[in-house]
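> have a look at this prediction, sequence included:
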Amino acid sequence: MNARQLADEVETAIRESVAVKERLLAAGIGAQLSDMADRVAQAIAGGGKVLLCGNGGSAADAQHLAGEFLVRLRGSLNRDALPALSLITDSSTLTACANDYGFEQIFARPLQALGQKGDVLLAITTSGNSANVLAALAVAKSQGLISLGFLGGDGGKALEQCDQAIVVPSHDTNRIQESHIMLGHLLVQGVEEILLARGHISKIS
């Protein structure tokens, strides 16, 4: 592949990414994400927290977004920390659970201990069919958590297990993940704005 061919592939990929995001816009993503942010904000205001899970690139997104909640999203806004926890950052717990109970339980097991009624589980899966994510959603339902999803394709089995989900209209994992992290940033921003407006958190000078 020469430089011109590579440049053409890059431009094609960017156009495809833009097209997916335009399909999200056409599906009314603004209203969906606003409602999702409000649910998360209400949970946090009520003493709850956000727990996140996903595999592979979605695991990285879960960690990324947990950090945005805990620390900050925007350099222009210093505010109180928001409670969030990725279920995949403890390698000792993850490997112990996978060894003793199976890989399908790596999110469900810690969620049983850490999740409380009124918390939010944000499940991130490009297929909507990851067995360990589905197991976590089942635990969330049984324990009274709010289940939100960032999904892809047709939403898979996770769609019917989520209280609310945004399904990225693509079957291309790359394009789905690009949209997921965009949606995650917008979710955090929305939660920040709602909590600030209602006086539940403060700006820090």
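Arrived safely, thanks for sending.

> give me the residues contacting the longest strand seen in the chain.
What stands out as the longest strand in the chain, according to DSSP state E, is strand 146-152. In this structure, residues lying in contact with strand 146-152 by C-beta atoms under 8 Å, 6 or more residues apart in numbering are 36, 39-40, 43, 58, 61, 118-128, 137, 140-141, 155, 158-159, 161-168, 170-171, 173, 176, 180, 183-184. Bear in mind the C-beta positions are built from the backbone N, C-alpha and C, glycine included.

> report the buried members of those.
Listed as buried from these are 36, 39-40, 43, 58, 61, 118-128, 137, 140, 155, 158, 161-163, 165-168, 170, 176, 180, 183-184; burial here means 16 or more other C-beta atoms under 10 Å.

> coming back round to it: give me the sheet partners of the longest strand of the chain and which way each runs.
Strand pairing for strand 146-152, using DSSP bridges, gives strand 120-124 (parallel), strand 164-168 (parallel).

> the first one - what's its average pLDDT?
It refers to strand 120-124. In this model, strand 120-124 has a mean pLDDT of 98.

> just the last one next, same as before
The average pLDDT within strand 164-168 is 98.

> how far is that strand from where the chain is centred?
Distance, stretch centre to chain centre, for strand 164-168: 10 Å (C-alpha atoms, centre = their mean, to the nearest Å).

> how about whichever helix or strand comes after it: buried residues?
Next along the chain after strand 164-168, taking DSSP states H and E as the criterion, comes helix 173-197. Within helix 173-197, the residues that count as buried by 16+ other C-beta under 10 Å are 175-184, 186-192, 194-196.

> shaky segments in the protein?
Under the criterion pLDDT under 70, no range of the chain is flagged.

> can you give me the helices in it?
Per DSSP state H, the chain carries helices over the ranges 3-26, 29-45, 57-70, 91-100, 108-114, 131-143, 158-161, 173-197.

> got a list of contacts for the first one?
Identification of contacts with helix 3-26 by C-beta under 8 Å, 6+ apart yields M1, I166, V168, P169, S170, D172, N174, R175, I176, E178, S179, M182.
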